[in-house]
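Participant: Dropping a prediction and its sequence here:
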Amino acid sequence: MLTSQWLFTIYVVLSLASIYQLTSFHFLISDFIGSQNAFIFMSYLFLSTTLSIIVGCGIHHKVGKKFHVLWNLFGVVYAIFLLYKMDGLPGLMLYSVLGGVTTGLCVPNIISKFLNSTTFENRGSACGILIFFVYVVVFISAAFIASYVQLALFFLSFKVLALMLLTSKSVLSSKKEELAFLYQPRLVVYLYLFVWFLFLLVDIIVSNIASQRFSRAEIEIINLESVLLGLFTMIIGGALMDNVGRRKLITLAFLYLGVEYSFISLSSGELIRYTFIDGVAWGIITTVFMFVLWGDAIKPGERHLFSAFSMIVALASIYFKNALSILGFRLDFTQTFPLTSIFLFLSVIITSFYLPETLPEKVIQSKELRNYIETAKKIKEKYK
């Protein structure tokens, strides 16, 4: 799928990377319009992005290639506005509201089209590769962005490149695999969303505790180390979940985090520097809950709704992590951090005993049979 539609995949990567780029470097914009507006700007940006994604869900079936062209042209205009400083309330409203629209409006349509172009056999690996490249792009741009001008130039380059990709007929014309989903009761879907919420809640708690013990530069290094580990598990985990199933990897990832944070709690926070190793589990969990599950368990006509909601929950976690830091709100380690292990082990229980595997058993058995045949052939060749 990624080979035949690589232009479409690049378009998806650029569109998703734009969201992470703007939300990650929101402080650069708020700094040049006045640092006293940092919290207000971030709040308006989050609200605008969320509302844009919701509106995008409402108009999903009406969004075609022409709409995507207009959306990216709007992004070009926004990037140009960023190059010209506008102070006060007009600047704050312009940069936050337009920023949300230019990043969030077409996201539900983009993700659903990507999921509709996958099958059970390749969905995990395809989504793992996709999010791998999203974070690679974000990581590379982060190494060069140090001012709002550089942010504007990167954002502009993303949107211009996206417009160039839209000139190709293969972009946004992916074939839908209508039967590539296994219906799950709504309770199952909501429980999976609840588990995703618990993971992000743990992330907020850990981030707040870490901010009390380390400088911003040290936290950036820890996050960098975590992302680097996560990049590899996105690729490896994506391939594995196509062979052994999604639920096993989800359970192992949460169990891994639960044990890790238990040791940190027992050390009274002395081992919190080593939370970067949670990147191993983070890469798997992000891939599954941002994309894979909604392709497996939701019919094509509704995938945009649940993938959009998953994205909004992820953006909300980023917002609250930054909001707590800006407002100087400090969670108490002895009262809150031990809860992280409880939340994670609760996730293990829910996933193991109350949630079904979303990869059909026949797909797993088929791959096991193919692997067995390949192994038998190699053994036969060896002893000829």
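Facilitator: Arrived safely, thanks for sending.

Participant: Mind telling me what element the nearest residue to L346 once chain neighbours are set aside is part of?
Facilitator: Taking CB to CB, 6 or more residues apart in numbering, and ignoring the residues beside it in sequence, L346 has L198 as its nearest neighbour in space, at 6.7 Å. C-beta here means a position set from N, CA and C on the backbone, and glycine is covered the same way. L198 is part of helix 186-213 when elements are defined by DSSP states H and E.

Participant: Outline the domain layout of the protein.
Facilitator: With automatic domain parsing as the criterion, the domains of the chain are listed as 1-179, 181-384.

Participant: In CSV: the ones you listed, plus mean neighbour count.
Facilitator: Compiled in CSV, the domains of the chain are given as follows (neighbours: other CB atoms under 10 Å):
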stretch, mean neighbour count
domain 1-179, 19
domain 181-384, 18
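
Participant: per-residue pLDDT, W71?
Facilitator: According to the model's per-residue confidence, W71 sits at a pLDDT of 97.

Participant: for L179, same thing?
Facilitator: The score at L179 is 53. That number is its pLDDT.

Participant: same thing with L172?
Facilitator: At L172, the pLDDT recorded in the model is 76.

Participant: List the contacts of it.
Facilitator: Each residue near L172 by CB atoms under 8 Å, 6 or more residues apart in numbering is listed here: F8, Y11, G64, K65, H68, K113, L166.

Participant: hmm, try it at 6 Å
Facilitator: Residues counted as contacts of L172 (CB atoms under 6 Å, 6 or more residues apart in numbering) are K65.

Participant: before we move on, what SS does it have?
Facilitator: At L172, secondary structure determined by DSSP: H, G, I helix; E, B strand; the rest coil is coil.

Participant: do the same with S268
Facilitator: The three-state label given to S268 by three-state DSSP is coil.

Participant: Quick check: it vs L331, distance?
Facilitator: Separation of S268 from L331 (CB to CB, to the nearest Å) stands at 15 Å.

Participant: what do you get for K367?
Facilitator: Plainly put, K367 is 44 Å away from L331 if you go by CB to CB.

Participant: now do V280
Facilitator: V280 sits at a distance of 24 Å from L331 (criterion: CB to CB).

Participant: any low-confidence regions in the stretch 251-384 of the chain?
Facilitator: Regions of the stretch 251-384 of the chain meeting the criterion pLDDT under 70 cover residues 368-369, 371-372, 375-384.

Participant: Show me the helices in it, by range?
Facilitator: For the stretch 251-384 of the chain, applying DSSP state H, counting those that start in this stretch gives helices covering 279-287, 293-297, 303-326, 333-354, 361-382.

Participant: My read is that the residue nearest to L346 contacts S347, right?
Facilitator: Yes: contact status for L198 versus S347: in contact at 5.2 Å, counting by CB atoms under 6 Å.

Participant: nearest spatial neighbour of F306, skipping sequence neighbours?
Facilitator: Distances taken as CB to CB, 6+ apart put W294 closest to F306, at 4.5 Å, once the chain neighbours are dropped.

Participant: Quick one: residues contacting that neighbour.
Facilitator: By CB under 6 Å, 6+ apart, the residues touching W294 are R303, F306, S307.

Participant: any idea how far it is from I205?
Facilitator: When CB to CB is the yardstick, W294 and I205 sit 26 Å from each other.

Participant: cool, and F343?
Facilitator: Distance of F343 to I205, computed by CB to CB: 8 Å.

Participant: just E357 next, same as before
Facilitator: Computed as CB to CB, the E357 to I205 distance reads 29 Å.

Participant: Show me what the helix holding L198 is packed up against.
Facilitator: If you count contacts as 3 or more CB pairs under 6 Å, 6 or more residues apart in numbering; DSSP states H and E, helix 186-213 packs onto helix 303-326, helix 333-354.

Participant: Ramachandran angles for the residue lying closest to I284 once chain neighbours are set aside?
Facilitator: With CB to CB, 6+ apart as the criterion, I284 has its nearest non-adjacent residue at 3.9 Å, and that residue is G237. Note on G237: backbone dihedrals following degrees, to the nearest 10 are phi -60, psi -40.

Participant: Could you check the pLDDT of G237?
Facilitator: So G237 comes in at 93 (pLDDT).

Participant: go on, the one 10 residues further on?
Facilitator: R247 is assigned a predicted lDDT (pLDDT) of 94.

Participant: re earlier: can you tell me which of the contacts of W294 is closest to I219?
Facilitator: S307 (29.1 Å; CB to CB).

Participant: mind checking how far that closest one is from C57?
Facilitator: Distance of S307 to C57, computed by CB to CB: 9 Å.

Participant: what's the answer for A146, then?
Facilitator: Separation of A146 from C57 (CB to CB): 35 Å.

Participant: what does D332 give?
Facilitator: Distance from D332 to C57, by CB to CB: 38 Å.

Participant: Skipping adjacent residues, who's closest to F27 in space?
Facilitator: For F27, the spatially nearest residue (CB to CB, 6+ apart) is A38, at 6.2 Å.

Participant: Same list (the helices and strands packed on helix 186-213) but as CSV, adding distance to L153.
Facilitator: Written out in CSV, the entries for the helices and strands packed on helix 186-213 read as follows (distance: least, CB to CB, whole Å):
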stretch, distance to L153
helix 303-326, 23
helix 333-354, 39
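
Participant: Which of those helices sits closest to I129?
Facilitator: In this view, the helices and strands packed on helix 186-213 are compared for proximity to I129 by CB to CB, and helix 303-326 is the closest at 17.0 Å.

Participant: Was I right to think T336 contacts I205?
Facilitator: Yes: in this structure T336 lies within contact range of I205 using CB under 6 Å: 5.3 Å.

Participant: And whichever strand or helix holds Y135, what does it pack against?
Facilitator: Secondary structure here is read from DSSP H and E; on that basis Y135 sits in helix 123-144. Identification of packing neighbours for helix 123-144 by 3+ CB pairs under 6 Å, 6+ apart yields helix 6-24, helix 216-244, helix 279-287.
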